[in-house]
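Enquirer: This is the structure alone, sequence omitted:
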């Protein structure tokens, strides 16, 4: 199978979603059958990789005979590799995925032909595959982005695509490079003269940000509080929305104040253990740190900043005596220490 122009899986991607609609019910039935076939191909790939311990190339050959399309087979194996740690794979919903291919107008099997049109390949046992066409409706803010993606795909830019079934509705997911997404969606950008460093201390009910210069001098302090999210019965979706908006406001503020480096805690999974009080236990259980961290990575790269992580070890302890000297609260002082730690570790100078 040709590898020329295949998408770089190591590059960070962003997903843009569009709603699919079909004028032909037979076309929809063919798509649904292909999605079920692809789901079975992913489960078959998982079994061959995990239980029979075959090499990827061998699995691709076997799955190709099953699904009758080499590129769908390769994409199914890539999907199966994501679930390899599972003992058994039992996918409930039908799905379809095609990895990007630059020499095939961006994608071999799921191809955008216009900002509101997509063609999806339906494999047949005889080898004479057919295309079904569907309408796709993207958000108005993504129209210019999709238009440029189509033009770049004609010149060899690969993009992956998925068809997803959710609540009896079909959606098209386009997985495109973060750099292209940032070009069209970033309203605030890091300026060319930006050199300052911002440290962030994230807690269940607040986010604290401190800005310092390259010599470690304190320049600014900014906090966002959302105490209501840790209250009993507060909606999880509302809590997520409040946290992400608060983080966005702080990052935008930092961009406007010449910050180039954004320093966050390098932390693993938050331990789920009982605390001294029910209130403290509830705070920890509602702490969505990884969600905020992933959101921060995308937002910072969209704005042209540099995302940095530093060890948070003992920052809370070290912050206690320093907080009085700086006139800050403990959490803001922890954010200050993270920024200083990143400066001293030379992790910033490596960029």
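Expert: Right, received. Where do you want to start? Note that this is a predicted model, so its numbers are computed, not measured.
Enquirer: And the helices in this structure?
Expert: 25-50, 56-67, 70-82, 143-154, 178-185, 236-256, 278-285, 289-302, 315-326, 330-344 (DSSP state H).
Enquirer: where does the stretch 251-351 of the chain have low pLDDT?
Expert: For the stretch 251-351 of the chain, applying pLDDT under 70 flags the ranges 268-288, 346-347, 349-351.
Enquirer: make it 90
Expert: Scanning the stretch 251-351 of the chain for pLDDT under 90 picks out the ranges 265-299, 301-304, 309-327, 341-351.
Enquirer: Likewise for the stretch 51-200 of the chain?
Expert: In the stretch 51-200 of the chain, residues with pLDDT under 90: 85, 88, 102-104, 125-128, 141, 176-193.
Enquirer: For it, which segments are assigned as strands?
Expert: 95-98, 100-101, 106-107, 110-114, 117-122, 130-138, 160-166, 169-177, 196-203 (DSSP state E, counting those that start in this stretch).
Enquirer: Which residues does stretch 337-344 contact?
Expert: 197-201, 210-212, 214, 216, 261, 263-265, 308, 310-312, 315, 318-319, 322, 348 (CB atoms under 8 Å, 6 or more residues apart in numbering). Quick note: C-beta positions are derived from backbone N, CA and C, even for glycine.
Enquirer: of those, buried ones?
Expert: 197-201, 210-212, 261, 263-265, 308, 310, 312, 315, 319, 322, 348 (16 or more other CB atoms under 10 Å).
Enquirer: rewinding a little: for residue 144, which of the strands of the stretch 51-200 of the chain is the nearest?
Expert: strand 130-138 (10.1 Å; CB to CB).
Enquirer: any idea how far residue 216 lies from residue 341?
Expert: To residue 341, residue 216 is 10 Å away according to CB to CB, to the nearest Å.
Enquirer: I meant residue 231, not that one.
Expert: In terms of CB to CB, residue 231 sits 33 Å off from residue 341.
Enquirer: More neighbours: which of the two?
Expert: residue 341 (18 against 12; other CB atoms under 10 Å).
Enquirer: hmm, back to that, just send the helices of the chain back as a markdown table, with distance to residue 118 too.
Expert: Below are those laid out as a markdown table (distance: least, CB to CB, whole Å):
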| stretch | distance to residue 118 |
| --- | --- |
| helix 25-50 | 11 |
| helix 56-67 | 20 |
| helix 70-82 | 16 |
| helix 143-154 | 10 |
| helix 178-185 | 18 |
| helix 236-256 | 29 |
| helix 278-285 | 41 |
| helix 289-302 | 25 |
| helix 315-326 | 49 |
| helix 330-344 | 44 |
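Enquirer: Mind checking these for the one nearest to residue 112?
Expert: Nearest of these (CB to CB): helix 143-154, 5.3 Å.
Enquirer: Report the distance from that closest one to the chain centre.
Expert: Centroid displacement of helix 143-154 relative to its chain, using CA atoms, centre = their mean, to the nearest Å, is 20 Å.
Enquirer: in that helix, what's buried?
Expert: 145, 146, 149, 150, 152, 153.
Enquirer: Run through the bridge partners of residue 210.
Expert: residue 199, residue 221 (DSSP bridges).
Enquirer: For it, give me its contacts.
Expert: Residue 210 touches 198, 199, 218, 220, 221, 222, 328, 332, 333, 335, 336, 339, counting by CB under 8 Å, 6+ apart.
Enquirer: Kindly report the same for residue 262.
Expert: 198, 200, 251, 254, 296, 300, 305, 306, 307, 308.
Enquirer: swap the cut-off to 7 Å and go again
Expert: 198, 200, 251, 254, 300, 305, 306, 307, 308 (CB atoms under 7 Å, 6 or more residues apart in numbering).
Enquirer: That one bridge partners, please.
Expert: residue 198, residue 307.
Enquirer: From the structure, what's the count of residues near the residue nearest to residue 136 when sequence neighbours are not counted?
Expert: Leaving aside its chain neighbours, residue 136 sits nearest to residue 18 (4.2 Å; criterion: CB to CB, 6 or more residues apart in numbering). Neighbour count for residue 18, taken as other CB under 10 Å: 22.
Enquirer: measure residue 18 to residue 29 for me?
Expert: Applying CB to CB to residue 18 and residue 29 gives a distance of 21 Å.
Enquirer: what do you get for residue 98?
Expert: For residue 98 relative to residue 29 (CB to CB), the value is 20 Å.
Enquirer: and if you look at residue 80?
Expert: 26 Å.
Enquirer: can you check residue 326 too?
Expert: 66 Å.
Enquirer: What residues sit buried inside stretch 225-234?
Expert: 226, 229, 230.
Enquirer: Which of residue 98 and residue 29 has more residues huddled nearby?
Expert: Shown here are residue 98 and residue 29; by other CB under 10 Å, residue 98 has more neighbours (25 against 12).
Enquirer: How much space separates the more buried one from residue 210?
Expert: On the measure of CB to CB, residue 98 and residue 210 end up 45 Å apart.
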